[in-house]
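Chemist: I need the structure of the sequence given here:
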Amino acid sequence: METLASLTARFPRPGRITWIGLRPARRSAMQAVDRAQAALSGLAGDHARAGKRAVTLIQAEHLPVIAALAGLSEVSPETLRRNLVVSGLNLSATRGRILAIGDARLRVTGPCAPCSRMEHALGPGGYNAMRGHGGWCAEILASGDIETGAPVTVLADP
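Modeler: Numbers count the residues shown, from 1 in each chain. Take a look at the predicted model:
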């Protein structure tokens, strides 16, 4: 019989980066880019600070869920203000784990709760539409380029 530890360490396939966005300044419009440089201080060109919230990630599969809960036909990544959109990988299962994206290494540190701005961005009820679907925060452990289409692999426990 398999242990819980062996089950939680198994991922069927790598995920993939489907979108990258940078916030040049607080409250500024998101800028979609094809590539970003991850450094220990955060993503180059993004206003986030180093540490446990240096990068924000959201699962691509949650975008239609958020849209449905907000009563919208669709929601774009720019609206949700996360840096990286990842498809094909259950980000909830990666909490505390290290993700490899090219040469970059990120540790998923905890949930990225929605902010009150989602009421304006998504309309009334937007904050609640994002609860439980707001994505994840990560710290950067090793620098490297992150580009759209890159695989996202969960590394073995350190």
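Chemist: Let me know the helix or strand that residue 6 is in.
Modeler: Using DSSP states H and E, residue 6 maps to helix 4-8.
Chemist: Can you name the residues in contact with the helix or strand following that helix?
Modeler: Following helix 4-8 in sequence order, the next helix or strand is strand 15-22 (DSSP H and E). By CB atoms under 8 Å, 6 or more residues apart in numbering, the residues outside strand 15-22 that reach it are 30-36, 43, 45-46, 60, 77-78, 81-89, 91, 101, 146-153. Every C-beta, even on glycine, is put in place using the N, C-alpha and C of the backbone.
Chemist: beta partners of the residue nearest the centre of the chain?
Modeler: Centroid check for the chain by CA atoms, centre = their mean gives residue 57 as the closest residue, at 0.6 Å. As for beta bridges, residue 57 partners with residue 84, residue 136 under DSSP bridges.
Chemist: Verify the contact between it and residue 84 for me.
Modeler: Yes - with contact defined as CB atoms under 8 Å, residue 57 counts as touching residue 84 (4.6 Å).
Chemist: Show me what counts as buried in the helix holding residue 6.
Modeler: By 16 or more other CB atoms under 10 Å, helix 4-8 has no buried positions at all.
Chemist: CA atoms only for it, dumped as PDB, please.
Modeler: Extracted in PDB, the C-alpha atoms of helix 4-8 (Å, rounded to 0.1, in the frame of the first residue of the first chain):
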ATOM      1  CA  LEU A   4       0.400   9.500   1.800                       C
ATOM      2  CA  ALA A   5       3.900  11.000   1.300                       C
ATOM      3  CA  SER A   6       4.400   9.000  -1.900                       C
ATOM      4  CA  LEU A   7       1.000  10.000  -3.300                       C
ATOM      5  CA  THR A   8       1.500  13.700  -2.600                       C
END
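Chemist: Give me the longest helix you can find in this structure.
Modeler: helix 63-70 (DSSP state H).
Chemist: What mean pLDDT does that one get?
Modeler: Helix 63-70 comes out with an average pLDDT of 97.
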